[in-house]
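Undergrad: let's see this in three dimensions:
(one chain, ligands or ions: 1)
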Amino acid sequence: MKAYILLTPGPTPLPPSVSAKMAEPILHHRTKEFGKVFDQVISDMQYVYRTQQTVVMMTASGTGTMESAVVNLMSPGDKALVHTTGAFGDRFVKILRTYGLNPVVVAEEWGHSASPEKLLAAIKANPDLKACFFQHTDTSTGVVNDLPRLAQVVREHSDALVVVDTVSGLGAEELEFDAWNLDVAVTGSQKGLMNGPGLGFAAVSERAWKAVAAAKLPRFYFDWTTMKASLPNQETPYTPGVNLVVAQAEALRMLKEEGIENVWKRTAELAAYTRKQVTGRLGLKLYAKDPADILTGAWLPEGVDGNKLLAAMLAEERISIANGQEKLKGRIIRIAHMGYITKADVDAGLDSLARRLQPVRA
Ligand SMILES: Cc1ncc(COP(=O)(O)O)c(C=O)c1O
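TA: Down below sits the predicted model:
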């Protein structure tokens with residue numbers, strides 16, 4: 001079978017040793033053997049998050065971890081702010097509204113990062129915010145936000161919690177949970193963490209735990225308190241995705257062996273290379289004004305139907321590149337370069353694009 005080249009910003013390809021772990025005989029989750037692996041995953045996640053604070057794990061996709069942040073921190077009537085830079089900020093808005101909350105929304109034009117000035121104005125106009133929600137990297141636009149600066153604005157001008165979706169950023173793009181003074185950062189296993197989809201994590205600060213104790217929105221499966229309570233027993237409250245946990249331990253071992261700062265550097269180098277190739281060799285215009293290192297988004301030339309182009313690449317060459325989301329569908333491409341994606345993978349995608357776009361230009 002032809003090799004499958006996965007260049008999408010989640011799921012991302014798996015290291016062979018991680019795939020092999022998934023195929024091992026399944027362990028029972030109430031055993032010492034599994035408990036040890038789980039405990040290692042939690043402590044290695046603290047390493048990746050750069051935190052001494054508690055990390056909890058859930059068997060859920062990234063959206064589940066976003067919802068867990070809402071239900072664990074908020075009470076009916078609480079005021080939240082969402083600083084949205086794309087589809088995933090909009091998702092926080094939808095989740096908050098689902099639970100009957102009416103967030104203050106600060107929206108950036110797609111492709112632009114969150115403006116600290118706009119944030120400051122919104123905080124001044126809303127002094128009673130319980131929490132501010134941000135993306136680390138917004139995968140829909142390929143933008144990275146200046147989280148240390150945004151967190152600083154929140155800290156200096158309000159008591160609101162700083163809640164971050166780093167589903168596509170963690171393990172690829174610099175993040176310092178403690179040094180940046182974040183309160184919550186949620187993530188998923190299927191991107192920078194080099195695992196299959198299905199596990200979620202949340203790093204939770206002491207300040208956030210106080211909010212959790214007081215929060216009144218309904219929660220059961222996603223209750224972080226029960227997850228935290230079972231950590232000393234090296235257990236999860238309910239049956240976790242056992243094989244994903246075992247595989248995550250291996251992926252985290254690899255990330256630690258490389259060193260997280262080296263991972264950030266490697267990702268940044270591949271991003272710089274990809275941006276150069278996309279603009280130079282392919283002659284495309286970059287989409288993001290403040291591009292992240294996790295993926296490169298670029299406008300397709302006039303007259304090129306992105307839906308057809310990407311479908312043909314997949315059908316004829318088994319190369320999977322992401323389409324634009326929502327209003328960008330068919331108009332931009334998104335080439336990921338995070339996790340276990342290599343330069344050879346990126347080159348295969350670029351070669352195919354060069355061949356397919358060349359007749360359009362001729
Ligand atoms: C920034 C960001 N947030 C949230 C999600 C949602 O994650 P999931 O699709 O695992 O629910 C994604 C997934 O693409 C993402 O990139």
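Undergrad: how about the spatially closest residue to T225 that is not a sequence neighbour, what does it touch?
TA: Setting aside the residues directly before and after it, T225 is nearest to V212 in space (Cβ to Cβ, 6 or more residues apart in numbering), at 6.3 Å. From N, CA and C alone the C-beta is placed, and that goes for glycine too. V212 sits next to N72, L73, V204, W224, T225 when contact means Cβ atoms under 8 Å, 6 or more residues apart in numbering.
Undergrad: ok, now S189?
TA: S189 touches N195, G196, P197, G198, L199, G200, F201, L244, Q248, counting by Cβ under 8 Å, 6+ apart.
Undergrad: what's in contact with the helix or strand hosting the last one?
TA: Following DSSP states H and E, one finds Q248 within helix 242-258. Residues external to helix 242-258 that are found in contact with it (Cβ under 8 Å, 6+ apart): 14-15, 17-19, 21-22, 24, 26-29, 34, 37-38, 40-41, 44-45, 47-48, 57, 59, 171, 189, 193-196, 198-199, 263, 266.
Undergrad: isn't F134 right up against L150?
TA: Yes. The pair F134 / L150 is scored as a contact, 5.8 Å apart, by Cβ atoms under 8 Å.
Undergrad: those two: which has the busier surroundings?
TA: F134 (29 against 23; other Cβ atoms under 10 Å).
Undergrad: just say helix, strand or coil for the more buried one.
TA: Put simply, F134 is strand when judged by DSSP: H, G, I helix; E, B strand; the rest coil.
Undergrad: gap between it and S140?
TA: 14 Å (Cβ to Cβ, to the nearest Å).
Undergrad: hang on, the earlier thing: what's the spacing between the strand or helix carrying the residue nearest to T225 and its chain's center?
TA: V212 belongs to helix 206-214 when elements are defined using DSSP H and E. Here the centre of helix 206-214 is set off from its chain's centre by 23 Å, with Cα atoms, centre = their mean, to the nearest Å.
Undergrad: buried residues in it, which are they?
TA: A208, W209, A211, V212 (16 or more other Cβ atoms under 10 Å).
Undergrad: and if you look at stretch 17-34?
TA: V18, K21, M22, L27, H29, F34.
Undergrad: I'd like to know which of the residues you listed is nearest to G280.
TA: Of all the buried residues of stretch 17-34, V18 has the smallest distance to G280: 33.5 Å, by Cβ to Cβ.
Undergrad: for that closest one, what are its contacts?
TA: M194, N195, A247, E250, A251, M254, Y340.
Undergrad: most neighbours of all the residues you listed, which one?
TA: That'd be N195 among the contacts of V18, by other Cβ under 10 Å, with 33 neighbours.
Undergrad: once you drop chain neighbours, what's closest to that one?
TA: Closest to N195 by Cβ to Cβ, 6+ apart is S189, at 3.9 Å.
Undergrad: if we can go back for a sec, Serialize the contacts of V18 to TSV and add fields for distance to L295 and pLDDT.
TA: Output for these, formatted as TSV (distance: Cβ to Cβ, whole Å; pLDDT from 0 to 100):
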residue	distance to L295	pLDDT
M194	15	98
N195	18	98
A247	23	98
E250	24	98
A251	19	98
M254	21	98
Y340	14	98
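Undergrad: which of those residues come close to the ligand?
TA: Filtering the contacts of V18 for proximity to the ligand (criterion: Cβ under 6 Å from any ligand atom) leaves nothing.
Undergrad: which one of those residues sits closest to the ligand?
TA: N195 (11.7 Å; Cβ to the nearest ligand atom).
Undergrad: helix, strand or coil for the closest one?
TA: Per three-state DSSP, N195 ends up coil.
Undergrad: pretty sure it contacts T12?
TA: No. The criterion here is Cβ under 8 Å, and N195 misses it with T12 at 9.1 Å.
Undergrad: re earlier: buried residues of the helix or strand following the helix holding V212, list them for me.
TA: Heading C-terminal from helix 206-214, the first helix or strand you meet, by DSSP H and E, is helix 224-230. Buried residues in helix 224-230, counted by 16+ other Cβ under 10 Å: W224, M227, K228.
Undergrad: TSV for the residues you listed, including pLDDT and distance to the ligand?
TA: TSV is the format used below for the buried residues of helix 224-230 (pLDDT from 0 to 100; distance: Cβ to the nearest ligand atom, whole Å):
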residue	pLDDT	distance to the ligand
W224	98	18
M227	98	18
K228	98	22
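Undergrad: okay if I get the residues you listed as JSON lines plus distance to K124?
TA: Converted to JSON lines, those look like this (distance: Cβ to Cβ, whole Å):
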{"residue": "W224", "distance to K124": "31"}
{"residue": "M227", "distance to K124": "36"}
{"residue": "K228", "distance to K124": "34"}
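Undergrad: element containing I335?
TA: With DSSP H and E as criterion, I335 is part of strand 332-336.
Undergrad: what residues does that strand touch?
TA: In this structure, residues lying in contact with strand 332-336 by Cβ under 8 Å, 6+ apart are 7-10, 12, 139, 142, 274, 278, 287, 294-300, 306, 309-310, 321-324, 346, 349-350, 353.
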